[in-house]
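1. Everything below, folded, please.
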Amino acid sequence: MKIGFYGDSFCEFESKFPYGETYIRKLKNHYNADIVNLGIGASSIWDIMLLQFDIHNIPDVCIFVWTDPGRLFHRQVRTLTASTVENRENKILHPFVFKAAKEYYKHLYDPELVELQYIAALQYFDLNILSNCNSKIVHLWSFAKPYNFNWKHGTVIDTPLMDIVLEDDTIENVNKKYFPNHLRNEEKNNKVFNLIKQAIDSYED
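-> As a prediction, the model looks like this:
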């Protein structure tokens with residue numbers, strides 16, 4: 001079995017961490033699977049559609065982690081968010097790209113338009129791309145599910161991953177130290193593993 005992950009930092013790392021195994025490593029071991037793709041931290045939904053997902057090389061299981069709608073797309077600088085544009089190191093490495101992105105968020109960003117673009121893009125991907133896939137498809141949300149959108153292809157895990165991250169915790173504590181895929185202990189990784197495992201094992205076309 002081959003499993004591909006498409007998304008942002010919630011599905012970026014397979015490796016072990018000090019408190020045990022990531023949910024991705026747990027899925028790999030449970031299904032004796034090859035992990036053929038991982039997400040890109042701080043990337044956008046456009047990164048999934050245009051760079052991460054290859055319609056000509058589809059694994060047996062596709063796990064999509066759909067991130068915040070407000071992130072920007074760039075083919076070389078794949079980490080443009082409202083927060084990363086304030087990072088001093090990013091400004092040094094890619095000053096013109098990050099300056100342009102910062103000006104966009106300051107002067108042009110319209111949340112209502114962004115949400116409409118987000119839903120339209122998901123719908124296009126659902127009806128025109130995923131409709132041609134014979135793989136098992138699992139959808140997760142990094143932060144929140146759009147209230148007026150439902151997938152027609154694939155099974156959906158409604159619990160946002162950030163909700164699991166913040167169980168018995170605060171965003172301040174979570175941000176103090178980075179953990180793979182933001183899941184800071186074995187319990188949280190087990191919860192995500194079990195949600196995805198159940199979705200795969202009960203999958204219906």
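2. in this protein, which ranges drop under the pLDDT threshold?
-> Flagging of the chain using pLDDT under 70 yields the residue ranges 88-91, 205.
3. And the longest helix seen in the chain, what's buried?
-> The residue-count maximum for a helix in the chain (DSSP state H) belongs to helix 186-201. Neighbour-count burial for helix 186-201, counted by 16 or more other CB atoms under 10 Å, picks out 186, 188, 189, 191, 192, 193, 195, 196, 197, 199, 200. For glycine as for every other residue, the C-beta is placed from the backbone atoms N, C-alpha and C.
4. Spit out the contact partners of the last one.
-> By CB atoms under 8 Å, 6 or more residues apart in numbering, the contact list for residue 200 reads 31, 61, 136, 138.
5. and those residues, which of them are in strands?
-> 61, 136, 138 (DSSP state E).
6. From residue 53, how far off is the first one?
-> It refers to residue 61. Using CB to CB, to the nearest Å, residue 61 is found at 13 Å from residue 53.
7. anything in contact with each of these two?
-> With contacts taken as CB under 8 Å, 6+ apart, the residues that reach both residue 61 and residue 53 are residue 4.
8. May I have the longest helix of the chain as PDB, with CA atoms only?
-> Provided in PDB are the C-alpha atoms of helix 186-201 (Å, rounded to 0.1, in the frame of the first residue of the first chain):
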ATOM      1  CA  GLU A 186       1.400  10.100  22.000                       C
ATOM      2  CA  GLU A 187      -2.200  10.500  23.000                       C
ATOM      3  CA  LYS A 188      -2.900  13.200  20.400                       C
ATOM      4  CA  ASN A 189      -1.100  11.200  17.700                       C
ATOM      5  CA  ASN A 190      -3.000   8.100  18.600                       C
ATOM      6  CA  LYS A 191      -6.300  10.000  18.300                       C
ATOM      7  CA  VAL A 192      -5.500  11.200  14.800                       C
ATOM      8  CA  PHE A 193      -4.200   7.800  13.800                       C
ATOM      9  CA  ASN A 194      -7.400   6.100  14.900                       C
ATOM     10  CA  LEU A 195      -9.600   8.700  13.100                       C
ATOM     11  CA  ILE A 196      -7.800   8.100   9.800                       C
ATOM     12  CA  LYS A 197      -7.500   4.300  10.300                       C
ATOM     13  CA  GLN A 198     -11.300   4.100  10.800                       C
ATOM     14  CA  ALA A 199     -11.900   6.300   7.700                       C
ATOM     15  CA  ILE A 200      -9.600   4.000   5.600                       C
ATOM     16  CA  ASP A 201     -11.000   0.700   7.000                       C
END
